[in-house]
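Visitor: Below is the sequence, then the predicted model.
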Amino acid sequence: MKRVYDFLRLRWVMIAISLVLIAGGLVGYFVRGGLNLGIDFTSGLVEQVQIRPGSREVGIAEVRTALAGIEGMNIQGIGPAGSQQFMIKVLAPPDDDSFQERTESRILALLSEAFGADNVVVQQSDFVGPRYAGELGTQTISILAVALALILIYTAFRFRIIYAGAAVLCLVHDALIMLGVIAVFRVEVTTSTVAAILTIIGYSLNDTIIIFDRVRENRSLMRDSDLGTIINTSISQSLSRTFLTSLTTLLAIVTIYIVGTGDIQNFAFNLIIGIVVGTYSTVFIASPIALEWTRALDRSHKRRDIQRFGKPAGAGVAASAAPPAGAAPPTGAAPPTGAAPPTGAAPPTGSRKAEGTRAPAEEAAGREAPAPEDEGARPRERPQAAPRHEGPVQVTRVQPSRKKKKKHR
């Protein structure tokens, strides 16, 4: 890696952009009347019909005009161009047991009247009841909640709880922006939408875990650097991998969106939004959340230590190691080498004396007289410590005796 980019410098700008996008999605949700729920979540009839291509050219506008008398209807063109295949979806009222048969016969009658009975082919007809739609919606919410909980547990076990919380918040951020775009553009919400959200959750989590794993490795390698520098270094090291993976995935998904129709096209559209948002959140949202969360915990611990001990933990250790200026040295401490003894102080016992300095009275009493100042006198030499062995230490292993003890009978 040749250069480290300062991604965290833009963290507040990117967080503000994310909040604006989420707020815009919420406004679009209420203004547009909520999500455009499909038949899977709101019971109804799904019928696939074809107008024979050899009879006449029929567009989706003509089919919509022919079926204008049916309420709650949605028509989509499917299949290759020129096949004249259409997907007709009709919402069902809550309590109507005869809705399916009545609606099927009415659709067939209206299309036969408009394009001829011999030119209309019903290829597929499915009905989703209210009970199944309600259970599917509940199961979808449960699946998303369980997935986020398992991700939180795994990430907390693999890293720390701070990184686990940052990863889950990042995934919630991606899902909210995706749902906001779906609400604003009135994309139909079906089971394929749920599959797209789960796919993006796994995709975004993979990128986030790779960066967090690199952060964990660099924390042991860059012990003298702060957490911000470590995170910038980790993102810069993973940047090429993240960019190339997202680009190659987008090329495949865009191709599916251009070629596909119906639910496949909606699925590809949701994936495109999710990949862009997931890559953006991995770099600019997940790591800043982990950084600010860690700093907030450090400040909280510091305030708690000040309240308990009057100072942060570890403060004053270096100051207590060195005595204050002017303080007397501790008892038993040796004076510095070459320092002159204080005036009037008795020399240590056993020091060398000049010849002829003993007084008779002191000799009788067995005491030594203080030595006069002699320019040629030398201070007592201290014994030098043995030189430290710098080479490798050889260890001799003593083999235990193999002699067997005699057994006493």
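Guide: Thanks, I have the structure now.
Visitor: Now stretch 247-260: buried residues?
Guide: Residues 249, 253, 257 are the ones in stretch 247-260 that count as buried (16 or more other C-beta atoms under 10 Å). In this view, the C-beta of every residue, glycine as well, is placed from N, C-alpha and C.
Visitor: For the first one, which non-adjacent residue is spatially closest?
Guide: In this case it means Thr249. Nearest residue to Thr249, sequence neighbours excluded (C-beta to C-beta, 6 or more residues apart in numbering): Ile275, at 5.8 Å.
Visitor: just the second one next, same as before
Guide: Taking C-beta to C-beta, 6+ apart as the measure, Ile253 lies nearest to Leu271, with 4.8 Å between them; neighbours along the chain are not counted.
Visitor: hang on, isn't the one you found packed against Ala196?
Guide: Yes. Under the criterion of C-beta atoms under 8 Å, Leu271 lies in contact with Ala196, with a separation of 5.4 Å.
Visitor: These two: who's more crowded?
Guide: Using other C-beta atoms under 10 Å as the criterion, Leu271 and Ala196 rank with Leu271 on top: 26 against 22.
Visitor: where's the more buried one, which helix or strand?
Guide: helix 262-281 (DSSP states H and E).
Visitor: Stretch 109-117: which residues count as buried?
Guide: Buried positions in stretch 109-117, judged by neighbour count with 16+ other C-beta under 10 Å: 110-111, 114-115.
Visitor: and the angle for the helix or strand harbouring Gly202 with helix 262-281?
Guide: Applying DSSP H and E as the criterion places Gly202 in helix 191-221. Relative orientation of helix 191-221 versus helix 262-281 (axes from the mean of the first three to the mean of the last three C-alpha atoms, to 10 degrees): 20 degrees.
Visitor: Counting neighbours, which bits of helix 191-221 end up buried?
Guide: In helix 191-221, counting by 16+ other C-beta under 10 Å, buried: 192-194, 196-201, 203-205, 207-212, 214-215, 218.
Visitor: packing partners for the helix holding Leu271?
Guide: helix 161-184, helix 191-221, helix 227-259 (3 or more C-beta pairs under 8 Å, 6 or more residues apart in numbering; DSSP states H and E).
Visitor: Can you point out the buried residues in it?
Guide: 262-263, 265-275, 277-281.
Visitor: now it: mean pLDDT?
Guide: Averaging pLDDT along helix 262-281 gives 88.
Visitor: So Arg186 is in contact with Gly34, correct?
Guide: No. Contact criterion C-beta under 8 Å: Arg186 and Gly34 do not qualify, at 10.1 Å.
Visitor: any idea how far the nearest residue to Ser246 once chain neighbours are set aside lies from Ser238?
Guide: Excluding its sequence neighbours, the residue lying closest to Ser246 (C-beta to C-beta, 6+ apart) is Thr279, at 4.5 Å. Per C-beta to C-beta, to the nearest Å, Thr279 is found 11 Å from Ser238.
Visitor: shared neighbours of those two, anything?
Guide: Asp207 (C-beta atoms under 8 Å, 6 or more residues apart in numbering).
Visitor: which stretches of the stretch 251-400 of the chain have low pLDDT?
Guide: For the stretch 251-400 of the chain, applying pLDDT under 70 flags the ranges 311-400.
Visitor: Ser105 - how many residues pack around it?
Guide: By other C-beta under 10 Å, 10 other residues sit near Ser105.
Visitor: what are the phi and psi angles of it?
Guide: Main-chain dihedrals, Ser105, degrees, to the nearest 10: phi -70, psi -30.
Visitor: With Ser225 instead?
Guide: When read as degrees, to the nearest 10, the backbone of Ser225 gives phi -100, psi 150.
Visitor: can you redo the buried residues of stretch 109-117 as CSV with distance to Ile17?
Guide: Conversion of the buried residues of stretch 109-117 to CSV gives the following (distance: C-beta to C-beta, whole Å):
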residue, distance to Ile17
Leu110, 49
Leu111, 48
Ala114, 49
Phe115, 50
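Visitor: OK, contacts around Ala149?
Guide: By C-beta under 8 Å, 6+ apart, Ala149 lies in contact with nothing.
Visitor: Let me know the pLDDT of it.
Guide: pLDDT recorded at Ala149 is 84.
Visitor: Could you check how far the most centrally placed residue in the chain is from Ser220?
Guide: Nearest to the geometric centre of the chain sits Ala167, at 3.4 Å (C-alpha atoms, centre = their mean). Note on Ala167: its distance to Ser220, by C-beta to C-beta, is 21 Å.
Visitor: Tell me where this protein has strands.
Guide: Taking DSSP state E as the test, the strands found in the chain are 36-37, 44-51, 73-78, 85-91, 120-128, 188-189.
Visitor: Of all these, which one is nearest Asp6?
Guide: strand 188-189 (39.3 Å; C-beta to C-beta).
Visitor: Determine how far the closest one lies from the middle of the whole chain.
Guide: The chain centre lies 29 Å from the centre of strand 188-189; the measure is C-alpha atoms, centre = their mean, to the nearest Å.
Visitor: Now that strand: average pLDDT?
Guide: Rounded mean pLDDT across strand 188-189 is 83.
Visitor: Note down every partner strand of it and its orientation.
Guide: strand 36-37 (parallel) (DSSP bridges).
Visitor: can you list contacts of the partner strand?
Guide: With C-beta under 8 Å, 6+ apart as the criterion, strand 36-37 contacts 182-183, 186-189.
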